[in-house]
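Asker: just to be clear, the model below is a prediction. Sequence and coordinates:
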Amino acid sequence: MLFEDLSLSKSIQKAVYEHGYTTPTPIQEQAIPLILAGNDLIGCAQTGTGKTAAFAIPIIHQLHRIVGSSKKAKQIRALVVTPTRELAVQIGQSFDTYAKYTNLTQLTIFGGVSQNPQVDALKNGIDILIATPGRLLDLHKQGFIDLDHLHNLVLDEADQMLDMGFVNDVKKIVKLTPKNRQTLFFSATMPIAIRELAEMFLTNPETVTVSPVSSTAENVEQRVYFVEKGEKRNLLYNLLQNENLSDVLVFSRTKHGADNVVKALRKKGIAAEAIHGDKSQNARQRVLDAFKNKEVGVLVATDIAARGIDIDQLPYVINFDLPNIPETYVHRIGRTGRAGNGGIAISFCGKDEHGYWKDIQKLIKVDVKTITDHPYPWHAGSPESTSTAAKPKNSNRSGDAHKSRKSNASKQNKKRWY
């Protein structure tokens, strides 16, 4: 199938063709016709498979037909809610690309920056709004956002929004929208609990699942190092130097941990930067741009901040800290091996994380290569039990969510929302 076979408007076909799109990805091929038909949808596909285009393109097609060349005051007809600033910016850029030859306008709003430019744009009128939950509810409370004319509601990365403690915000947002809206759930992972929650918001939804939640990309080579916890920084430096690695995305569980890894690498002459919620939006964007431009060889990120990192040719992902939620491992290593490229995913497993690793293995059902020939292996002694390690006290360990949401996040984690 080609994009021209999807019955899209010529304006959209021209835009996607110029962007290099000729053949839709599996998620796009299956989701776009269902969305064009007006169905509510649950879409699940790994990162890098084209989920954003899968919902952006049909929404633009629908709104283009509704708005046409009308010169009437613009109203918000599509709303995309996403958990992080980086993802919001990325989605906004995609809408700009696909709507290039239409008169549709989009606005991306998020916290951490002045609301004044955002308010001015809202007053001028927009068709499509991409927003993080907190800033959306704040500006709505102030009377700057009217969702009464909404046609499409998209909840993107729904699993991550719930994991960050946004479940109550999401419920509030849904209540602000018309009941006859079209609602789309998109996510890289879709545990059963999330599906149950989706049933609260969606009406007779269609489901598109391109890759099972447990699957990892076949073109990603996976390796694990069983290493003493206190030697992880030394092992990281050893790998970077001895294997001459560059363009490396490193995952840390906490913001403090990410900063410490960066400090340790810099002391040894490695150009590294951290990206997490304590950094301003401008600082995060500068770091991301430097990494994409290869000015920085190592980027250390928390899970939440990493959701907005979209780099097609990222060769290496290193799990400095193992995630306590197995599905997060799938999402992390999906950052490499994108767009048909190969990639290598390396995991450091301390004794205290052995339970996490066993849970990951149960999920992915892949025989991951164990690297034993390294200078920092486990010393004598048994690792902590699986039951002890695998019970997350708070899966929002990266700390990127707002402090006021921490209690909610903890409650949701205990119910295993993610």
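Answerer: Perfect, I can see it now.

Asker: what comes into contact with the host helix or strand of A31?
Answerer: Take DSSP states H and E as the rule and A31 turns out to sit in helix 26-36. For helix 26-36, the external contacting residues (Cβ atoms under 8 Å, 6 or more residues apart in numbering) are 1, 6-8, 24, 41, 43, 45, 49-51, 53-55, 57-59, 61-62, 182, 184, 206, 208, 210. Where C-beta positions appear, they are placed from N, C-alpha and C, glycine not excepted.

Asker: pLDDT score for F95?
Answerer: At F95, the predicted lDDT confidence score is 96.

Asker: need the contact list for I371.
Answerer: I371 neighbours (Cβ under 8 Å, 6+ apart): 223-225.

Asker: by neighbours, which of those residues wins?
Answerer: Y225 (25 neighbours; other Cβ atoms under 10 Å).

Asker: can you select the buried ones from the contacts of helix 26-36 in ChimeraX?
Answerer: Buried residues among those (16 or more other Cβ atoms under 10 Å), as a ChimeraX selection:
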select :6,8,24,41,43,45,49,50,51,53,54,55,57,58,59,61,62,182,184,206,208,210
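
Asker: so which of the contacts of helix 26-36 sit within strands?
Answerer: Members of the contacts of helix 26-36 lying in strands (criterion: DSSP state E): 41, 43, 182, 184, 206, 208.

Asker: name the element Y329 belongs to?
Answerer: Per DSSP H and E: helix 326-333 holds Y329.

Asker: ugh, wrong one, I meant V300
Answerer: Using DSSP H and E, V300 falls in strand 298-301.

Asker: do E221 as well
Answerer: Going by DSSP H and E, E221 is in strand 220-226.

Asker: do the same with K263
Answerer: With DSSP H and E as criterion, K263 is part of helix 255-267.

Asker: same question for K358.
Answerer: Assigned by DSSP H and E, K358 falls in helix 354-364.

Asker: quick check: mean pLDDT of that helix?
Answerer: Mean per-residue pLDDT for helix 354-364: 93.

Asker: same thing with stretch 290-302?
Answerer: Mean predicted lDDT for stretch 290-302 stands at 91.

Asker: cool, and stretch 161-168?
Answerer: On average, stretch 161-168 scores 80.

Asker: return the set of buried residues in it.
Answerer: 161-167.

Asker: how about stretch 4-13?
Answerer: Buried, per 16+ other Cβ under 10 Å, within stretch 4-13: 6, 8-9, 11-13.

Asker: ditto for stretch 271-285
Answerer: 272-279, 284-285.

Asker: in strands, which of the residues you listed appear?
Answerer: 272-275.

Asker: in JSON lines, list the residues you listed along with distance to K232 and pLDDT.
Answerer: Formatted as JSON lines, those follow (distance: Cβ to Cβ, whole Å; pLDDT from 0 to 100):
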{"residue": "A272", "distance to K232": "14", "pLDDT": "95"}
{"residue": "E273", "distance to K232": "19", "pLDDT": "94"}
{"residue": "A274", "distance to K232": "16", "pLDDT": "93"}
{"residue": "I275", "distance to K232": "19", "pLDDT": "89"}
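
Asker: tell me the one of these nearest I128?
Answerer: Set against I128, the nearest of those by Cβ to Cβ is I275 (26.5 Å).

Asker: so which residues make contact with the strand or helix carrying I346?
Answerer: Applying DSSP H and E as the criterion places I346 in strand 343-349. Contacting residues not belonging to strand 343-349 are listed as 216-217, 219-227, 232, 235-236, 239, 314-322, 329, 332-333, 336-337, 356-357, 368 [Cβ under 8 Å, 6+ apart].

Asker: restricted to buried residues, select those residues in ChimeraX.
Answerer: Remark: buried members of the contacts of strand 343-349, expressed as a ChimeraX selection using 16+ other Cβ under 10 Å:
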select :216,217,220,221,222,224,225,226,227,232,235,236,239,314,315,316,317,318,319,320,321,322,329,332,333,336,337,356,357,368
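
Asker: so how far is stretch 82-96 off the chain centroid?
Answerer: 10 Å (Cα atoms, centre = their mean, to the nearest Å).

Asker: ok, back up a step: pull the residues that contact the strand holding E221.
Answerer: Contacts for strand 220-226 (Cβ under 8 Å, 6+ apart): 216, 235, 333-334, 336-337, 342-349, 357, 366, 368-372, 374, 376-378.

Asker: ok, back up a step: just give me the closest of the buried residues of stretch 4-13 to S94.
Answerer: I12 (12.3 Å).

Asker: list the buried ones in the helix holding A31?
Answerer: Neighbour-count burial for helix 26-36 [16+ other Cβ under 10 Å]: 27-36.

Asker: pLDDT (mean, whole number) over that helix?
Answerer: Here the average pLDDT along helix 26-36 is 94.

Asker: dump the buried residues of stretch 161-168 to TSV, plus secondary structure.
Answerer: TSV is the format used below for those (DSSP: H, G, I helix; E, B strand; the rest coil):
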residue	secondary structure
M161	helix
L162	helix
D163	helix
M164	coil
G165	coil
F166	coil
V167	helix
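
Asker: format the residues you listed as CSV; extra columns: distance to L197.
Answerer: Output for those, formatted as CSV (distance: Cβ to Cβ, whole Å):
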residue, distance to L197
M161, 10
L162, 7
D163, 12
M164, 14
G165, 14
F166, 12
V167, 8
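
Asker: let me know the helix or strand that the nearest residue to Q115 once chain neighbours are set aside is in.
Answerer: Excluding its sequence neighbours, the residue lying closest to Q115 (Cβ to Cβ, 6 or more residues apart in numbering) is L139, at 6.6 Å. Taking DSSP H and E as the definition, L139 sits inside helix 133-141.

Asker: following that helix, which helix or strand comes up?
Answerer: strand 152-156.

Asker: packing partners of that next one?
Answerer: helix 51-67, strand 78-81, strand 182-187 (3 or more Cβ pairs under 8 Å, 6 or more residues apart in numbering; DSSP states H and E).
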